[in-house]
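Student: sequence unknown, structure follows:
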């Protein structure tokens, strides 16, 4: 827009102002002083009245201008401008802090909603596995059908991603307590760092822009809660926000599996990736042709009672799931071990039915059976220290439980009847074991974008 057609100086005549109004076709002119500040407004109607009242075309415009006129600042919300135009105001001068003209709004010239800079955020929940562990390994369900049952809980990995103007990539991890900077994607793909999982995820995501990524988790690393899959899911959720053709839940889970299992070469199953992405209580079946995620519709009372009956116990030890899964792969060649995994699958169907019918005591007893089967799959799954914790928990009121994840350390999950909850918590306090409160999460991976201007 040519502002010159809307401006006259303070010493201009009515005739000069009228010529400008004729030229801009909007029926008004703005009067500015020597400092380019807008000090008055004149409409064609104002000029008519001035001429009828005896003014001549050579009279100064300053004598007929309106010093009290409607205008808006360049910070005015678009909503406010729309409401002013809807109140029969035909034009709105937009002035900056120095009262200088920076825009003119009419019903035909309304500020467009331009795309602003955004950043992406995501959070993805950890899972607690109830049964079927080992059957989600490809080398098992390549010949036998696998099945697991799990749920996500309110412990999350959080990721924030901001696109840069250049091709640099900066990774920040509160869990690793480190940051690293790369010149570009090629530099990231060839350099060895502590951020191997991040680098593998970025490799499969293949972003064509530079960015800065921040990641932190509510739980410790190597805790048996499926954390690497959760980190992968959260980061992929951020990248997905900048795609036109967005990945669906199955594709995100598959990309997370690809990054960890194939690119990094870490042995493990499939359930962690599906659990964190889909969220909620799920019964999952695994076969070579396809994996199926069956959401379980549990009653509200069942979910709340289960929350109150389960205790998440941090053993303050870590584990190496890849080594344990490698050991399981070898032991799976033994027919008796494979039969134990098959028994675990059958038990999973029983656990699913107990949950759907709200038979929680029976479900708790099945957790004990699941642990007895699991600890026999590999010599690396339990040890004297972990066995003592489990046996003491049973002696102090738990009716069942299991070590989460591949085993070797991390978190125990115990099922405790209501009237023994205080007893087992007191025992945990007495030996220095930490209790981690949680609620079940039904959402799974959540990702969204935020305009950066909103935080300024």
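Tutor: Yep, it's here. Remember, predicted model here, so these are calculated numbers, not experimental data.

Student: okay, now residue 336: neighbour count?
Tutor: Burial of residue 336, expressed as a neighbour count using other Cβ atoms under 10 Å, amounts to 8. All C-beta spots, glycine's among them, are computed from the backbone N, C-alpha and C.

Student: which element is it on?
Tutor: According to DSSP states H and E, residue 336 maps onto helix 335-357.

Student: Tell me which residues are up against that helix.
Tutor: 130-135, 140, 144-149, 281, 283, 296-298, 302, 306, 328, 331-332, 360, 362-363, 366-367, 369-370, 373-374, 376-377 (Cβ atoms under 8 Å, 6 or more residues apart in numbering).

Student: Give the PyMOL command for selecting the buried subset of those.
Tutor: Buried subset of those, written as a PyMOL selection, criterion 16 or more other Cβ atoms under 10 Å:
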select buried, resi 130+131+132+133+134+135+140+146+147+148+149+281+283+298+302+306+328+331+332+360+362+363+366+367+369+370+373+374+376+377
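
Student: Give me the subset of the contacts of helix 335-357 lying in helices.
Tutor: Among those, the members found in helices (DSSP state H) are 140, 302, 306, 328, 331, 360, 362-363, 366-367, 369-370, 373-374.

Student: now the helices for the stretch 101-250 of the chain?
Tutor: Taking DSSP state H, counting those that start in this stretch, the helices of the stretch 101-250 of the chain run over residues 138-141, 185-190, 196-205, 227-240, 249-257.

Student: Excluding covalently adjacent residues, which one is nearest to residue 183?
Tutor: residue 168 (6.3 Å; Cβ to Cβ, 6 or more residues apart in numbering).

Student: so who does the one you found touch?
Tutor: Remark: with contacts taken as Cβ under 8 Å, 6+ apart, residue 168 is in contact with 181-184, 210.

Student: ok, of the residues you listed, which come out buried?
Tutor: 182, 210.

Student: Which of the contacts of residue 168 sits closest to residue 447?
Tutor: Using Cβ to Cβ, residue 210 comes nearest to residue 447 of these, at 19.8 Å.

Student: what sits against that closest one?
Tutor: With Cβ under 8 Å, 6+ apart, residue 210 has these contacts: 163-169, 184.

Student: now, which of the residues you listed lie within strands?
Tutor: Secondary structure assignment by DSSP state E places 163, 169 of the contacts of residue 210 in strands.

Student: Show me the shaky parts of the stretch 301-450 of the chain.
Tutor: Within the stretch 301-450 of the chain, the segments meeting pLDDT under 70 span 318-333.

Student: Which one (most neighbours) among the contacts of residue 210?
Tutor: Neighbour counts for the contacts of residue 210 were taken using other Cβ under 10 Å; the highest belongs to residue 169, which has 23 neighbours.

Student: Quick check: closest non-adjacent residue to that one.
Tutor: Looking at residue 169 with Cβ to Cβ, 6+ apart, the closest residue is residue 182, at 4.4 Å.

Student: Which residues are in contact with the residue nearest to residue 434 when sequence neighbours are not counted?
Tutor: Excluding the flanking residues, the one nearest residue 434 by Cβ to Cβ, 6+ apart is residue 314, at 4.1 Å. Neighbour list for residue 314: 220, 223, 410-411, 433-436 [criterion: Cβ under 8 Å, 6+ apart].
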